[in-house]
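# Sequence first, then the predicted structure:
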Amino acid sequence: MATMGIDGLISGLDTTTLINQLMTAEAGPQTLLKTKQTAASSLVTALQALNSKVASLAASATTAATASSWNALKATSSAASVSATASTSAQATSLNFTVDAVASRQVSLSDQFTSTTALFPTVPPVITFKKTDGTLTTVTAASGDLADITKAINASGTGVTAVAVKVGTDYRLQFTGSATGASNGFQMYLGSSADVTAGTAPSLALTSTSTAQDAKITLWSGSSAAKQVTSSSNTFADTLAGVSITVSQVEASPVTLTVSQDTSALTTLASNLVSGLGLVLSEISSQTASKTTTSSTGGTVVTGGVLSSESTVRDLAQQIQSAGSYPVDGVSPSTVGISIGRDGTFTFDAAKFTAALAADPAAVQKMMTALSQRIADVAKGASDATTGSLSTDISSQQGTVKSLGDQISSWDVRLATRKEGLQATYSALEVALSGLKSQSSWLTAQLASLGTGTSTTGG
C-alpha cells in the first residue's frame, strides 16, 4: 500500500526526490532490460522488412523459372476493329480472314396501341416466347395493366426484356433479346405453350429493328480453302488455339492477325527479377551499414547497423549475389544483360536482353529459367514461413522480446514494493522525529517553568 509523502515536515528533507533517486538506482537492471528489449524489437522489425522483400523476390523468381512464363505471346491485328489476346498455349503464327458480319441481338416492336387489350385480348394476358432453337416459355401477367405485362416478361427468364415506349398518346412495346446470336432470336404467340404446339395460338405481329445474328468471319478469303466460321458473340475463342479474337465491325478487306513472341513482357519478366535482387541487397546494405556520429565530448562514435551482427543476413547477401551472377553451363548472365558490379549490385541492360532474345530465344530462356531457379531456391530457403532462416531468426527474436517483457514486468512489481518500503521508512522517520520534537518542546517548557518557579521563591 502506497504511503503518502510528508516531505520536510520535521526533518526538512525532500524525501520524494530522495526516494526517486534511490529508485532510479534500484531500477538500473530494469533499464538495461528495457534497452535490450528495444534493441530486440528493432531487430525483429528490420528482419521482418527484409523477409518481406525476400519473399517477393522468391515469388518473382519462381514465376521467371517457370517455362510457361517464357512462352509469352502477343496478338496484333492489321485492322483496328479486330483485337485478340494470346495465352501461353498459343503458337506463333499468322492468319488472314475477312469479317462478314458482327453479332447482334433481336430488337422488335409491337404495333402501336392505346389499350393493351388491342394486343392481348385475353385478360390476364398469356404470352409464349419461342426461341429460334424451338424452346417455348409461357408468361402469364398478373393483369392486363401495361406495367404488370412488362414486369412479368422481364421476370420470366426468357432472355427477352420488355419496355413500354410512349408514342404521342399511344404506346408500343419494345422487346429486346438479352444475348446476341442467331440462336437467340424469338417469336411471340398469344396463348400457352400447349396452344403453340397445337398450332392454335396466333402470333403477335412484330416489327424488327435489329435481327439476331451470328458474327461471321471467312478464313483464307479469296482462296480455294476459304471457310466461314460463326460465333453467337463477337468473340471467336477457339478458331486459333490459345487465341481469342474479337471483331467489332465488318471488314471486307482481308485482316491479318499475327501471333508473335511478346518481347516487352519477357523483358519486363527479366527486369522485375533484377529489380527484386536490387531491393533485397539494398535493404541488407542499408540495415548493416555503420553510422558515424559525434559524442558529447567531441569524439567519433561508430555504430553498426541493426542487422550488422546477423550472420544469417550476411550469408544471405552472399548467396543471392552468387545465385544471380554465376554462369549457367559456362555462360555468364551478362550475355543477356544481367551484370553484377564491384559493389555487389546488379544492373539490367534491356537493350542487350532484347538483342539476345531476338538472336536466340531458346538460349535466353535456358539462361533465365536456370538463373531464376537458383535465386528462387535461395530466397525460399530464407523466407519460408516454417523453415526459412530469416523466419527462424524472427521467431527467436520475438521470443527474446517476450522474455524480456516478462522480466521487465517482474521488475515493475519488485520496484513498486521497494518504493512502498522506502516511503514507509521515511514516513516513519518523520513520525519519529515529530515525536522527539514534541518531547523536546515539552521538556523545554518544563525546564522553563522550573526556572521561573525558582526565581519567584528567591524573591
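Great, that's in hand. Predicted model, so just to flag it, every value in this text is computed and none were measured. Numbers count the residues shown, from 1 in each chain.
# what number of residues lie near residue 138?
By the criterion of other Cβ atoms under 10 Å, residue 138 has 18 neighbours. Where you see a C-beta, it was placed from the backbone N, CA and C, and this is true even at glycine.
# if I look at it, how far off is residue 388?
Going from residue 138 to residue 388 by Cβ to Cβ, to the nearest Å gives 65 Å.
# Can you list the helices and strands that the helix or strand that residue 138 is a member of packs against?
Here residue 138, judged by DSSP states H and E, is contained in strand 136-140. The helices and strands touching strand 136-140, judged by 3 or more Cβ pairs under 8 Å, 6 or more residues apart in numbering; DSSP states H and E, are strand 126-131, helix 146-154, helix 193-198.
# would you list these in CSV and tack on mean pLDDT, mean neighbour count and distance to residue 181?
Listed next are the helices and strands packed on strand 136-140 as CSV, based on pLDDT from 0 to 100; neighbours: other Cβ atoms under 10 Å; distance: least, Cβ to Cβ, whole Å:
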stretch, mean pLDDT, mean neighbour count, distance to residue 181
strand 126-131, 96, 21, 11
helix 146-154, 96, 17, 20
helix 193-198, 96, 15, 22
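# re earlier: show me which residues of the strand holding residue 138 are buried.
Going by neighbour count (16 or more other Cβ atoms under 10 Å), the buried part of strand 136-140 is 137, 138, 139.
# got a list of what residue 167 touches?
residue 112 (Cβ atoms under 8 Å, 6 or more residues apart in numbering).
# Return the per-residue confidence for it.
Residue 167 carries a pLDDT score of 93 in this model.
# can you pull up the bridge partners for it?
residue 170 (DSSP bridges).
# Distance of it relative to residue 176?
17 Å.
# With residue 189 instead?
Distance from residue 189 to residue 176, counting by Cβ to Cβ: 18 Å.
# quick one, which of those two is more surrounded?
Taking other Cβ under 10 Å, residue 189 and residue 176 do not tie; residue 189 has more neighbours (20 against 15).
# Disregarding flanking residues, what is the spatial nearest neighbour of the more buried one?
residue 201 (4.1 Å; Cβ to Cβ, 6 or more residues apart in numbering).
# same question, residue 292
residue 302 (5.4 Å).
# my guess is that neighbour is in a helix, correct?
No. Going by DSSP: H, G, I helix; E, B strand; the rest coil, the assignment for residue 302 is strand, not a helix.
# show me what contacts it?
By Cβ under 8 Å, 6+ apart, the contact list for residue 302 reads 290, 291, 292.
# Would you convert those into a markdown table that also reports distance to residue 124?
Shown next, in a markdown table, are the contacts of residue 302 (distance: Cβ to Cβ, whole Å):
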| residue | distance to residue 124 |
| --- | --- |
| 290 | 88 |
| 291 | 86 |
| 292 | 91 |
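# Out of those residues, the closest to residue 110 would be?
Taking Cβ to Cβ as the measure, residue 110 lies nearest residue 291 of the contacts of residue 302, at 83.1 Å.
# unless I'm mixing things up, residue 251 is touching residue 98, no?
Yes. If you go by Cβ atoms under 8 Å, residue 251 and residue 98 touch, sitting 5.9 Å apart.
# for this structure, what are the low-confidence residue spans?
Counting by pLDDT under 70, the chain has low-confidence residues at 1-13, 434, 451-459.
# Go again with 80.
1-16, 19-20, 23, 27, 293-296, 298, 300-304, 422-459 (pLDDT under 80).
# Quick check, central residue of it?
Centroid-nearest residue in the chain, with Cα atoms, centre = their mean: residue 56, separated by 12.3 Å.
# Where does residue 121 sit: helix, strand or coil?
Under three-state DSSP, residue 121 comes out as coil.
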